[in-house]
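>>> Fold the following and give me the result.
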Amino acid sequence: MACGAHTTLDHVEAIGARPIIPKRSQMTRARDFDPEKYKRRNMIERSIGKLKQLRRIATRYDRLSESCLACASTCFAGILVLNVATAWLFGHDGRRYRRRAMVICLQTKLIPFPGLPRPDIRIMANVQRDERDLLLNYYVGGRDADTIQLPERHPDPYGARRDGLWLQTCFEAFVRRAADPAYCEINISPSGDWAGYLFDRYREGRRAAPPIDGPYSAIWVERGLGIEIQATYDMSVVEELPPNEPWQLNLAAVIETLDGAKSWWALAHPDPAKPDFHHPDSFALTLPPPA
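Numbers count the residues shown, from 1 in each chain. Below you'll find the predicted structure:
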């Protein structure tokens, strides 16, 4: 690898940095090497990968090098803060980062309820789980992304628990144990507010979910590029969702535009008569237990 060449390592040391690169078999010069830090290199690699997902960076909207560097630095700072928060949420014992088993689903697309007016947008969703946490990520883009009505951002970064979030633009997740009629509903607002409910069966026995820790939510809104929302929930207090069993999910969204019109998006719409995120047949995504 070129990054392990002596010339490269000498340059890194010359600028005051410490290279964390293992010694190659044919290298004769001894160098200090921290294997624990090297194991965590994936955090940097994934951060760069996340940066490349931003269309403004990948296609270089900013033609001036100074503007492009400023935009990339700002975005990377946000990614760094999110990674630090994720590391805190997923566990750190004070000595080394504890890697937790995480099942990652491929990106999936939400589809609009047919037959109703809707803005020209696309909604993509990612979901991850481990033995404790559920991480939800939604991205909204498209020509009409600027027309989406967003509620005012809550001053507390953790938001507050609040009912009726689906009356405005809201992102939702419905989670159940495979083949179990009981399920959990999670609401995420772009304001940072959230809510959780439990149902015994289809739309029956609704009650507030146990005090799920208020999620860490990160929300990016860049007019002309889209909206991205990410939230992490501690699901270990929900007894109805055993961590060692598969979960079935429906991911959904209510989108309100500036003119007050609403559209409904989900993985599936089994009822042709009306949008129904609770429908038993709408739980179209299965997450296996973490390895």
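>>> List the contacts of the residue nearest to residue 131 when sequence neighbours are not counted.
Excluding the flanking residues, the one nearest residue 131 by Cβ to Cβ, 6 or more residues apart in numbering is residue 243, at 4.5 Å. Glycine gets a C-beta too; all of them are placed from N, C-alpha and C. Applying Cβ atoms under 8 Å, 6 or more residues apart in numbering to residue 243 gives the contacts 131-132, 235-236, 289-290.
>>> per-residue confidence for residue 243?
Note on residue 243: pLDDT of 87.
>>> In three-state terms, label residue 118 for me.
coil (DSSP: H, G, I helix; E, B strand; the rest coil).
>>> Count residues in the vicinity of the closest residue in space to it that isn't next to it in sequence, would you?
Closest residue to residue 118 apart from its sequence neighbours, by Cβ to Cβ, 6+ apart: residue 263 at 3.8 Å. Applying other Cβ atoms under 10 Å, we find 18 residues neighbouring residue 263.
>>> quick thing: my sequence starts at 8, can you match it?
Shifting the count to begin at 8 puts that one at residue 270.
>>> Extract the C-alpha set from the helix or strand containing residue 270 and format it as CSV.
For residue 270, the host element (DSSP states H and E) is strand 269-273. Taking C-alpha atoms only, strand 269-273 is exported to CSV below (Å, rounded to 0.1, in the frame of the first residue of the first chain):
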residue,chain,number,x,y,z
LYS,A,269,-50.7,16.1,2.9
SER,A,270,-49.4,12.9,1.4
TRP,A,271,-48.8,9.5,3.0
TRP,A,272,-45.8,7.4,2.3
ALA,A,273,-44.9,3.8,3.5
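>>> and that strand, average pLDDT?
Mean predicted confidence for strand 269-273 is 98.
>>> Any stretches of the chain with poor pLDDT?
By pLDDT under 70, the low-scoring segments of the chain are 8-13, 23, 30-54, 56-70, 83, 85-113, 164, 218-232.
>>> Measure how buried residue 293 is and give me the count.
11.
>>> Who are the contact partners of it?
Contacts of residue 293 by Cβ under 8 Å, 6+ apart are 185, 253-256.
>>> Any buried residues in stretch 126-141, and which?
Across stretch 126-141, burial judged by 16 or more other Cβ atoms under 10 Å covers 126, 128-137, 139-141.
>>> Good, we can wrap up now.
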